[in-house]
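# structural data only, the sequence is not supplied:
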């Protein structure tokens, strides 16, 4: 199953050169995956959290940012 991720947060700090990016993806009939990736000059870290659906699964948990 291929998931379609929507970008909900994208930030960059000029001082530390750290970028964070958070995305959400619908898991049909199950809930949502929230993926946060942290990019530093020396490391890449990812965290994924599953949020189960409580009732109907419709629109995203968070409003996507426009490209």
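Yep, it's here. Bear in mind the structure is a predicted one, so any value in this text is a computation, not a measurement.
# buried sites along the host helix or strand of residue 48?
Element membership of residue 48 [criterion: DSSP states H and E] is strand 44-52. By neighbour count with 16 or more other Cβ atoms under 10 Å, strand 44-52 contains no buried residues. The way it works is simple: take the backbone N, C-alpha and C, and place the C-beta from them, glycine included.
# give the pairing partners of that strand; include direction for each.
strand 31-39 (antiparallel) (DSSP bridges).
# contacts for the strand it pairs with, please.
Contacts of strand 31-39 with the rest of the structure, by Cβ atoms under 8 Å, 6 or more residues apart in numbering, involve 3, 5, 18-27, 44-53, 57, 60-61.
# from residue 36, how far off is the spatially most distant residue from the centre of the chain?
Largest separation from the mean C-alpha position in the chain: residue 15, at 23.5 Å (Cα atoms, centre = their mean). Distance, residue 15 to residue 36, by Cβ to Cβ, to the nearest Å: 20 Å.
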